[in-house]
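**Q** Test case, fold it:
(chains A, B, C and D)
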Number of protein chains: 2
Amino acid sequence: MAMRKVVERQTGVALWRQIADRIRLAISNGDYDAAGMVPPETALAAEFGVNRHTVRSALAALADEGLVRAVQGRGTMIERKERVSYPISKRTRFSQGLGRQVKEIGTRLLGHAEMAATGEVAKALRIALGDPVIELRTVSSGDGRPLSVSASYYPANRFPRMAEDFAQLHSVTKAFAAHGLDDYVRVSTEIVARHADAEELSMLKLSPGAIVLEAQSVNADLDAKPVEYSRSRFAADRMKLRIET
Amino acid sequence: MAMRKVVERQTGVALWRQIADRIRLAISNGDYDAAGMVPPETALAAEFGVNRHTVRSALAALADEGLVRAVQGRGTMIERKERVSYPISKRTRFSQGLGRQVKEIGTRLLGHAEMAATGEVAKALRIALGDPVIELRTVSSGDGRPLSVSASYYPANRFPRMAEDFAQLHSVTKAFAAHGLDDYVRVSTEIVARHADAEELSMLKLSPGAIVLEAQSVNADLDAKPVEYSRSRFAADRMKLRIET
DNA sequence: CTCAAATGTCTATTGATCTAGACAACTATA
DNA sequence: TATAGTTGTCTAGATCAATAGACATTTGAG
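**A** Got it, this is the predicted structure:
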């Protein structure tokens, strides 16, 4: 018998959303693998101690995400299960890491700009405040579903053609190579979690109210000189981060 | 003039909670450092395009967390700013990493049990399903504020006195040493983010509706034999994870 | 002291969320 | 072909979330 699961009221997060989050987690944990379907609505309602209608709202949200599909008379089937695991290691390369997990990987350049380095960027890249940097804004998708949005910053003096090269080569690693940098390593990564803002909701096509994992990372050349600072925001319900040390 | 910030309606996350999250983030980003206080309620209401009462609900939640303090006639002052940074590296040791950031570190043992290894635990520790493991449940705090709750699992055959040793020594590293294991390294860490469940809310004293960062990690001895599997859940609004490679 | 600016409190109203119950429609199985 | 089990739909009422407006109270500056 499933243990009674508790949800909290008057928290500013609607019950249906809390329950949707829990069911999503249970699916990705494989709790329902035996049957391949979610428990009946009445069972879930009893489990969470709420009305069946509340469970239906939660399931409707998950159906919207394409995670489950309800069939009248039969039940609610699981359509998709796994979170994509994004590896973070000394040599983190976006497309390589996702390799086997998704068939199609796409990174789309949303825009680029040359600008003066602000405090955070200058500090991360260890350049002077106001030094020119190139900013790239990208969205990455796996099998057509957006997985992350990023803003990346490069010192413009050292990598003047970053935007053009990236637009053409579709790869940061190759764009670095075109500037004569053949290898680089991840120096540090900081991870925080928070609710997605409106821009992230629309870019990541998230069901609103969702959570993002934000990773701020610095890559450096082999002389430990920073070459890239980036802020990547991952859709937390589609991704997990895997740290390999 | 501050840019108009957008919040989404009918998402299952109340506006006041979305706004509280955004203000919390702005505080930890240092956006309000110049004045040392949050903008006036009317300014925030205009910025987010909501009623002043809605902003007041958000600020009340932040005051509850001890993050801000409102003074009639003056404004709402920032009481606390930084997130604690939790380092994850090859040799991750809980108390060392937090060293300078908090004055008092405490880890309290909530309970322990000897049990048969379930699927996930057995897989992580690379032992047979049903082999005995020792489970430790702990809460860790910094300066009196709970930062994380953990469930950790150790192969009982190799570390039979883990619970007693930990209770006495207040340190996993020392408990390992008491069993003759002097060094161990972090093999892998997986990080996901989600809304806190009721148990986490109460253990971490979170303002309900909050987000947790869950890190599932495996530590191994120098022969790469796993010695610990643990699931740590961090209060996402108080912590960031720092990965050092 | 006076006044502007800020937070504190109250009432009233609207819309979203949750509960409750009843019944229809569909599916698989005995 | 019944029947149990499941999802789909409808109505009604209770509670929470958000808006709107008015006014009190406190603080700091001129």
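**Q** Whatever helix or strand residue A:20 lives in and DNA strand D in contact?
**A** Secondary structure from DSSP states H and E places residue A:20 in helix A:15-29. No - using Cβ under 7 Å from any atom of the strand, helix A:15-29 never reaches DNA strand D; the gap is at least 9.8 Å. C-betas here are computed from N, CA, C, even on glycine.
**Q** Just give me the neighbour total for the nearest residue to residue A:12 once chain neighbours are set aside.
**A** Spatial nearest neighbour of residue A:12, excluding adjacent residues (Cβ to Cβ, 6 or more residues apart in numbering or on different chains): residue B:17 at 3.2 Å. By other Cβ atoms under 10 Å in any protein chain shown, 22 other residues sit near residue B:17.
**Q** so residue B:17 sits right up against residue B:61, yeah?
**A** Yes - using Cβ atoms under 8 Å, residue B:17 is in contact with residue B:61, at 7.1 Å.
**Q** which residues are common contacts for those two?
**A** Taking Cβ atoms under 8 Å, 6 or more residues apart in numbering or on different chains as the criterion, residue B:17 and residue B:61 both touch residue A:12.
**Q** Can you tell me how far the residue in chain A sticking out farthest from the centre is from residue A:66?
**A** Relative to the centre of chain A, the most outlying C-alpha is that of residue A:73, 35.4 Å out, by Cα atoms, centre = their mean. Separation of residue A:73 from residue A:66 (Cβ to Cβ, to the nearest Å): 21 Å.
**Q** in chain A, which spans are helices?
**A** Using DSSP state H, the helices of chain A run over A:15-29, A:41-48, A:52-64, A:94-98, A:119-125, A:162-169, A:172-178, A:198-203.
**Q** Most tightly packed of those?
**A** For the helices of chain A, average neighbour numbers computed from mean count of other Cβ atoms under 10 Å in any protein chain shown are highest in helix A:15-29, which has a mean of 21.
**Q** Now do that helix against helix A:52-64, angle only.
**A** In terms of direction (axes from the mean of the first three to the mean of the last three Cα atoms, to 10 degrees), helix A:15-29 departs from helix A:52-64 by 50 degrees.
**Q** can you give me how far helix A:15-29 is from the chain middle?
**A** Distance of helix A:15-29 from the chain centroid (Cα atoms, centre = their mean, to the nearest Å) equals 18 Å.
**Q** mind exporting that helix as PDB, just the C-alpha atoms?
**A** Written as PDB, here are the backbone C-alpha positions of helix A:15-29 (Å, rounded to 0.1, in the frame of the first residue of the first chain):
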ATOM      1  CA  LEU A  15      -2.000  21.800  -4.400                       C
ATOM      2  CA  TRP A  16      -2.400  20.600  -8.000                       C
ATOM      3  CA  ARG A  17       1.000  21.900  -8.800                       C
ATOM      4  CA  GLN A  18       2.700  20.300  -5.800                       C
ATOM      5  CA  ILE A  19       1.000  17.000  -6.800                       C
ATOM      6  CA  ALA A  20       2.100  17.400 -10.400                       C
ATOM      7  CA  ASP A  21       5.700  17.900  -9.200                       C
ATOM      8  CA  ARG A  22       5.500  14.800  -7.000                       C
ATOM      9  CA  ILE A  23       4.000  12.600  -9.700                       C
ATOM     10  CA  ARG A  24       6.600  13.800 -12.200                       C
ATOM     11  CA  LEU A  25       9.300  12.900  -9.800                       C
ATOM     12  CA  ALA A  26       7.800   9.500  -9.100                       C
ATOM     13  CA  ILE A  27       7.600   8.800 -12.900                       C
ATOM     14  CA  SER A  28      11.300   9.800 -13.400                       C
ATOM     15  CA  ASN A  29      12.200   7.600 -10.400                       C
END
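**Q** and that helix, what does it pack onto?
**A** For helix A:15-29, the packing partners by 3 or more Cβ pairs under 8 Å, 6 or more residues apart in numbering or on different chains; DSSP states H and E come out as helix A:41-48, helix A:52-64, strand B:185-195.
**Q** how about 6 Å then?
**A** Contacts defined by 3 or more Cβ pairs under 6 Å, 6 or more residues apart in numbering or on different chains; DSSP states H and E place helix A:15-29 against helix A:52-64, strand B:185-195.
**Q** The longest one vs helix A:41-48, what angle?
**A** When you say that, I think you mean helix A:52-64. Using the same axes, to 10 degrees: helix A:52-64 against helix A:41-48 is 110 degrees.
**Q** So helix A:52-64, near DNA strand C or not?
**A** Yes - judged by Cβ under 7 Å from any atom of the strand, helix A:52-64 comes into contact with DNA strand C at A:53, A:54, A:57.
**Q** Point out where chain A drops to low pLDDT.
**A** Low-confidence segments of chain A (pLDDT under 70): A:1-11, A:82, A:91-105, A:143-144, A:207-209, A:245.
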